[in-house]
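Enquirer: Next one to model:
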Amino acid sequence: MKASRIAAAGAAAGLTVLALSAPAFAHVSVQPEGTAAKGGYAVVDFKVPNERDDASTTKLEVTFPTDHPLASVMPEPMPGWKIEVTKSKLDKPLEMHGEKITEAVSKVTWTADGKGIEPGYFEKFPLSVGQLPEDADQLVFKALQTYSNKEVVRWIEVPQEGQEEPDNPAPVLELSAASEDGHHGSAAGEDADAESAEKASAETAAHDSGSSDGTDTTARVLGIVGIVVGAAGVAYGVLAGRRRSNA
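Expert: Residues are numbered from 1 along each chain as shown. Below you'll find the model as predicted:
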């Protein structure tokens, strides 16, 4: 009897620990695919777990920071989800690639047109964003998660350094330092540079090959001319010999 009571107490304590620790691992979060360097571009994933046993996640709304607006935001198509990008006018225009930007994305909304995220599952919502600010260490995105039972969970509490994590923390994207050479390009940009380099190398090889073919052709022509001249000389010698014999 005593042993069974100890086992029951241990199980209850274990369930309590799980219940208390679950929210720390189950909130909406954002992480870059690779790095999110200051002044550059990045692909980031909003990870959304379903925390309910009796409802599915049917909508995700992510609000973008207004203190560091992002002019370029491109969602990746996702089967089973309708995506809406909302833009707003900027109080102060941005300068990007020599052009003035007067509006920026203020919110992205994903709405399920199917089952959504069912209990026991999570899903990632990717976005290509930029140009990331150079004067900030992180970006805070506030998110609303809507369930099929109409419940809305507001992930909007900004975590404060040195304090415990709030119950509903907002997703925070940590920005890394730019590279020492000042390069802020994305992986796609680096791939484009590599492709250009490969193309240039191929063109150089083709040019060298063309030059080599031209040299070979010239050598062949000179060889043929030499054979023709040699054959003419032999013929002339034979004819001259016959003439001397007849004389």
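Enquirer: which residues does the residue nearest to Ser72 when sequence neighbours are not counted contact?
Expert: Using CB to CB, 6 or more residues apart in numbering and skipping residues adjacent in sequence, the residue nearest Ser72 is Gly130, 4.9 Å away. For the C-beta atoms, the positions are set from N, CA and C on the backbone; glycine is no exception. By CB atoms under 8 Å, 6 or more residues apart in numbering, Gly130 lies in contact with Gly40, Tyr41, Ala42, Leu70, Ala71, Ser72, Ser186.
Enquirer: go on, Thr146?
Expert: If a contact means CB under 8 Å, 6+ apart, then Thr146 has Thr57, Thr58, Lys59, Leu60, Glu61, Val152, Val153 as its contacts.
Enquirer: residues contacting the first one?
Expert: Taking CB under 8 Å, 6+ apart, we find Thr57 in contact with Val48, Asn50, Ala112, Gly116, Ile117, Glu123, Gln145, Thr146, Tyr147, Ser148.
Enquirer: could you redo the last one with a cut-off of 10 Å?
Expert: Counting by CB atoms under 10 Å, 6 or more residues apart in numbering, Thr57 makes contact with 28, 48-51, 110, 112, 115-119, 121-123, 145-148, 151, 153.
Enquirer: and what of the fourth one?
Expert: With contact set as CB under 10 Å, 6+ apart, Leu60 has these partners: 28, 46, 48, 81, 83, 108-112, 116-117, 123, 125, 143-146, 155.
Enquirer: Could you report the distance from Asp54 to Pro159?
Expert: Per CB to CB, to the nearest Å, Asp54 is found 29 Å from Pro159.
Enquirer: same question but for Gly80, I mixed them up
Expert: 31 Å.
Enquirer: and if you look at His68?
Expert: According to CB to CB, His68 and Pro159 sit 17 Å apart.
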